[in-house]
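Enquirer: Dropping the sequence and predicted coords here.
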Amino acid sequence: MRRRSLESSVWVQLIVVGAACGDKSPGGGTETSSGAASSTGVVPIASTGDVPTTSGAESSTSAASGLPASSSTTGTDSNTIIFDVGTMVDLPVDNTTGELIDWDCDELVQPFVSERELFAPRGYHDVFFNDDGHILGWDGASLIASTYDDMSFVFLPGVNDIQGIDVLENGDALWESSTGVHRVTPDQDRTVLNGAVAGGYGLTIGPDQKAYVMSGGIWRVDPESGEAAIWHATPGLQPRSLVFNLDSTGVYFSTLFGGNNSVYFLPVDDDLNPSGDPMVYATGVGGGYHDGLGIDACGNLYVPDFTTRGLYRVDTAGVVTTLYNSETSGPNHYGHGLKWGSGIGGWDDHAIYLPQPYDGYTVNEIILGVPSGSRVRTWNP
């Protein structure tokens, strides 16, 4: 039985008996974009170098390419099979409750536990959850809040367009649009945080509570001052969605281009600044235009893909599994964005929720049986 071994954990009696898949630095068995197996499991692409801006915030410079170290604090690889007897190995603790979390990553239900289309919630290119037990998404004119028992109301009227959305620790939501990065409080106080970083797509709040915005390259935006700078230029790639790995030693990102069905990995240093160049992490993930990206507490990635109208899982060895696509679910049953449930008000925190703009702005609930990687993600500032 394989369990997660991460930092921020408590000690229990366990014994290491062999290697297996867990969250780790890219490596071991991932195929290259040409189909040949790589000895490291990742393929460096052309050196990029970061381009500083004059928008106010300090930008970082790309260092030599490198892979992050294992997240284990015990001196063993974090990807191990462990049993409940023997020596001391650490298990993950819930970042929110402080409780020990223990599940078998090899026994997740395949391809998922269940799936249900929700008709009361609205969702275009992303959704988010608040602490009041609502899911919120755009209906083409307003932000609509919905409960799990199908009650809906207008949370914020007069919203012209919304792309990627994410939520700060204090409950404020940030979104990207054609008019810049916006911020709204739980009391509906709305401001334009930065009008220059506009016309992009994805937006992710990092472990440092900064917004990482996909608009040409990857921008880092201060949610308090609104100052922004190019975090990584990634020329020729057009990043579309981004998620940090479990020990915050790197990010995975997907791209805008149809036909580019790769997911990339970019290592970062202790300050979450890029410390290398993007590398191919997995190929053959649908057909291209990856419109969301999520990571579970076992280190698996989940990628909705526009071209095939599919949803894909990428495990920690870079192996791609099709959860569904247009052949099995039809051309409109397609997720455009991805969020884990909040666990409040009936929303399952072991499920992902995908807005479906081509299926009446409905939301698809997919219960996976494992929580978000944010539950166990570590970061040492």
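Expert: Thanks, I have the structure now.
Enquirer: For the helix or strand that contains residue 155, which helices and strands make contact with it?
Expert: Taking DSSP states H and E as the criterion, residue 155 maps to strand 152-156. Counting contacts by 3 or more Cβ pairs under 8 Å, 6 or more residues apart in numbering; DSSP states H and E, strand 152-156 is packed against strand 143-146. C-beta: built from backbone N, CA, C; applies to glycine.
Enquirer: Any idea how far the strand it packs on is from the middle of the chain?
Expert: 22 Å (Cα atoms, centre = their mean, to the nearest Å).
Enquirer: Now do that strand, average pLDDT.
Expert: For strand 143-146, mean pLDDT rounds to 98.
Enquirer: what lines up beside it in the sheet?
Expert: Strand 143-146 has its sheet partners listed here by DSSP bridges as strand 135-138 (antiparallel), strand 152-156 (antiparallel).
Enquirer: now for the ones you listed, which one comes closest to residue 371?
Expert: Across these, residue 371 has its closest neighbour in strand 135-138 (16.7 Å, Cβ to Cβ).
Enquirer: could you pull out the strands for the stretch 151-300 of the chain?
Expert: 152-156, 165-167, 173-177, 180-184, 190-194, 203-205, 211-215, 217-221, 228-232, 239-244, 250-255, 263-267, 279-282, 294-295 (DSSP state E, counting those that start in this stretch).
Enquirer: So which of the strands paired with strand 143-146 has the densest surroundings on average?
Expert: Ranked by mean neighbour count, those are led by strand 135-138 with a mean of 26 (mean count of other Cβ atoms under 10 Å).
Enquirer: which other residues reach it?
Expert: With Cβ atoms under 8 Å, 6 or more residues apart in numbering as the test, strand 135-138 has contacts from 121-130, 143-146, 148, 155, 159, 161-162, 165, 173, 342, 347, 353, 355, 361, 363.
Enquirer: So which residues of the chain form helices?
Expert: Applying DSSP state H to the chain gives helices spanning 326-329.
Enquirer: list the contacts for the closest residue to residue 200 other than its chain neighbours?
Expert: Leaving out its chain neighbours, the residue that sits closest to residue 200 by Cβ to Cβ, 6 or more residues apart in numbering is residue 215, at 2.6 Å. By Cβ under 8 Å, 6+ apart, residue 215 lies in contact with 176, 197-201.
Enquirer: picking up where we left off before, mind checking which of the strands of the stretch 151-300 of the chain is nearest residue 377?
Expert: Proximity to residue 377 (Cβ to Cβ) singles out strand 239-244 among those, at 6.6 Å.
Enquirer: Show me the shaky parts of the stretch 251-381 of the chain.
Expert: Applying pLDDT under 70 to the stretch 251-381 of the chain picks out residues 380-381.
Enquirer: Using TSV, lay out the strands of the stretch 151-300 of the chain together with distance to residue 106.
Expert: Formatted as TSV, those follow (distance: least, Cβ to Cβ, whole Å):
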stretch	distance to residue 106
strand 152-156	39
strand 165-167	30
strand 173-177	36
strand 180-184	40
strand 190-194	42
strand 203-205	28
strand 211-215	31
strand 217-221	33
strand 228-232	34
strand 239-244	22
strand 250-255	21
strand 263-267	22
strand 279-282	19
strand 294-295	17
